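Asks: Take this sequence and fold it.
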Amino acid sequence: MKISICPDKPALGTAAAEHGARLIREAIAQHGEAHVVLATGASQFEMLEQLLQAEIEWSAVSFYHLDEYVGLPVTHGASFRRYLRERFLDRLPGYKSFLAINADAADLDAELARLNGALAGQRIDVCFAGIGENCHLAFNDPPADFDYDQPYLVVDLDAACRQQQFGEGWFETLEAVPTRAISMSIRRIMACEALILAVPDERKAKAVQAAVEGPVSNLFPASIVQQHPDAGLYLDPAAASLLRPVHG
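Replies: Alright, predicted model coming up:
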């Protein structure tokens with residue numbers, strides 16, 4: 001894992017976006033198209049804003065959704081589908097496709113089958129993601145299932161994860177935060193050609209420390225990224241504050 005400690009959140013977003021843009025351009029040059037997983041949440045604001053400015057042939061890019069709350073309609077302010085469309089997709093000049101997670105579908109099993117069929121055997125060139133306060137990767141909260149072999153699964157959200165979503169202001173009350181989500185699985189994330197993790201803020205420092213310096217454990221799901229052959233972790237000083245100086 002390559003760790004970059006940036007002076008502030010805007011610089012973090014710029015560096016992560018530039019890295020991702022380079023990989024997307026390389027994929028288009030090699031394959032004629034690129035396949036990209038998009039993440040959401042407060043940690044991705046600056047990165048997505050900078051990625052919009054990149055010189056990329058967007059019409060050759062297919063996007064995939066990392067996770068979504070079960071039962072939350074796209075009209076809700078916390079919907080990740082809404083987030084991605086308003087903050088990124090609708091601001092592009094055009095793109096090839098977007099595989100959205102319809103986690104408010106009446107038949108979740110059918111929706112999972114649709115998603116898993118769409119990703120079966122599909123190369124993913126770049127996966128943008130973050131790390132949760134509880135060290136989750138996507139919505140794979142601890143103890144995460146490292147062995148599940150399908151692209152997407154339904155997961156239960158733990159108390160720390162739900163508290164984070166409330167604390168970031170996405171919901172009016174803690175009780176309003178959904179208790180389940182559809183998430184890309186750990187194994188599918190790890191199968192992506194490259195991972196770019198943008199992780200700002202002091203509230204993520206303990207999770208970053210566990211992910212970088214701790215043992216690989218499903219109790220700290222993001223620690224699995226230590227085993228990825230091409231992962232870039234972008235931090236601001238606050239998020240990196242508990243790391244040993246060697247990582248600076």
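Asks: Could you find the closest non-adjacent residue to Leu235?
Replies: Spatial nearest neighbour of Leu235, chain neighbours left out: Ile5 (5.1 Å); criterion: CB to CB, 6 or more residues apart in numbering. C-betas here are computed from N, CA, C, even on glycine.
Asks: The one you found and Ser241 touch, don't they?
Replies: No. Contact criterion CB atoms under 8 Å: Ile5 and Ser241 do not qualify, at 9.8 Å.
Asks: Which of those two has more residues huddled nearby?
Replies: Ile5 (18 against 15; other CB atoms under 10 Å).
Asks: Quick check: buried residues in stretch 161-171?
Replies: For stretch 161-171, a neighbour-count test (16 or more other CB atoms under 10 Å) marks Cys161, Arg162, Gln164, Gln165, Phe166, Trp170, Phe171 as buried.
Asks: Distance-wise, check the first one relative to Val36.
Replies: As defined by CB to CB, to the nearest Å, Cys161 lies at a distance of 24 Å from Val36.
Asks: what ranges do the helices span in the protein?
Replies: Assigned by DSSP state H, the helices in the chain fall at 9-31, 45-51, 80-87, 108-119, 159-167, 186-190, 205-213.
Asks: what pLDDT does the residue nearest to Leu235 get?
Replies: Ile5 carries a pLDDT value of 97.
Asks: okay, now Thr14: neighbour count?
Replies: Using other CB under 10 Å, Thr14 has 19 other residues around it.
Asks: make that Leu242, sorry
Replies: When neighbours are counted by other CB under 10 Å, Leu242 registers 17.
Asks: One more: Arg123?
Replies: Applying other CB under 10 Å, I find that Arg123 has 13 neighbouring residues.
Asks: so which of the buried residues of stretch 161-171 comes closest to Lys9?
Replies: Gln164 (17.1 Å; CB to CB).
Asks: Enumerate every residue touching that closest one.
Replies: Applying CB atoms under 8 Å, 6 or more residues apart in numbering, one finds that Gln164 lies in contact with Gly132, Glu133, Asn134, Arg203.
Asks: Tell me the spacing between it and Trp170.
Replies: For Gln164 relative to Trp170 (CB to CB), the value is 9 Å.
Asks: Leu243 too?
Replies: Between Leu243 and Trp170 the distance is 28 Å, computed by CB to CB.
Asks: got it, and Leu51?
Replies: Leu51 is 21 Å from Trp170, by CB to CB.
Asks: Next: Ala160.
Replies: Counting by CB to CB - Ala160 and Trp170 are separated by 15 Å.
Asks: so Ser59 makes contact with Ser97?
Replies: No. Look at Ser59 against Ser97 with CB under 8 Å: they stay out of range, at 10.3 Å.
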